[in-house]
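> how would this look folded up:
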Amino acid sequence: MTDNWPASAEELRAFIAQFEEGTWPKDRWNHRPHVTMALYYLFTLPAGDAIRRVKQGIVRYNQCRGIQNTPTSGYHETLTSFWIAVLTVECAREESASTLHETVRQIATRVLEKPELWRQYYSRDLIHDSEARRRWVEPDLQVLPCAAAAFHLHLRTGE
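Residues are numbered from 1 along each chain as shown. Okay, here's the model as predicted:
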């Protein structure tokens, strides 16, 4: 997968369909498809629905592909919520009048330039703790920027 993925609206739709069906190739299920899928939902659904779809979608995809969602592997609530917050802030900053697939690709490429961003906020010990995998845990190294923090308040309260 390159920085040019998805190259078209058709390619984006095909990826989302494969993700939703649980047929996207497991060996291609890396950070770029995670980010692309989340951006797609954040741009096409109301915020609460998008967040639920991302989280439930990852759990379901993992089940379809035989990936165990356990206290030590699979779905990770804290990292998923962290990246949703980062992507939500990026979506709000986006001023492009591009097509959906171009906007998704541009934001994904920008975000993927800093794949280790979470390390500025979380220690390795906290991220590897099963509690952080199971539920949202606040960062232990640095407070999230206020836009992301407000987003997480929204996540917890549903307001």
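> wait, what's in contact with residue 79?
118, 127, 132 (C-beta atoms under 8 Å, 6 or more residues apart in numbering). Bear in mind the C-beta positions are built from the backbone N, C-alpha and C, glycine included.
> please redo it, this time with the cut-off set to 7 Å
118, 127 (C-beta atoms under 7 Å, 6 or more residues apart in numbering).
> please report how far it lies from residue 116.
From residue 79 over to residue 116 the distance is 12 Å, taken as C-beta to C-beta, to the nearest Å.
> run a quick neighbour tally on residue 120.
Per other C-beta atoms under 10 Å, the neighbour tally for residue 120 reads 11.
> can you map out the helices along the chain?
9-21, 31-44, 47-64, 77-93, 100-112, 124-127, 130-134, 146-157 (DSSP state H).
> between those, which gets nearest to residue 70?
Minimum separation from residue 70 across those (C-beta to C-beta) falls at helix 130-134, 8.3 Å.
> extract the C-alpha trace of that closest one and format it as PDB.
This file holds the C-alpha atoms of helix 130-134, laid out as PDB (Å, rounded to 0.1, in the frame of the first residue of the first chain):
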ATOM      1  CA  SER A 130      -4.700  -5.400  29.700                       C
ATOM      2  CA  GLU A 131      -6.800  -2.700  31.300                       C
ATOM      3  CA  ALA A 132      -5.800  -0.200  28.600                       C
ATOM      4  CA  ARG A 133      -6.800  -2.800  26.000                       C
ATOM      5  CA  ARG A 134     -10.200  -3.400  27.600                       C
END
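> tell me the mean pLDDT for that helix?
For helix 130-134, the mean pLDDT works out to 96.
> what residues sit buried inside it?
132-133 (16 or more other C-beta atoms under 10 Å).
> elements contacting it?
When contacts are defined as 3 or more C-beta pairs under 7 Å, 6 or more residues apart in numbering; DSSP states H and E, helix 130-134 sits against helix 77-93.
> which neighbours do residue 79 and residue 116 share?
Residues touching both residue 79 and residue 116 (C-beta under 7 Å, 6+ apart): none.
> quick one on the thing from earlier: in a markdown table, list the helices of the chain along with distance to residue 3.
A markdown table is the format used below for the helices of the chain (distance: least, C-beta to C-beta, whole Å):
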| stretch | distance to residue 3 |
| --- | --- |
| helix 9-21 | 14 |
| helix 31-44 | 9 |
| helix 47-64 | 22 |
| helix 77-93 | 16 |
| helix 100-112 | 5 |
| helix 124-127 | 26 |
| helix 130-134 | 30 |
| helix 146-157 | 24 |
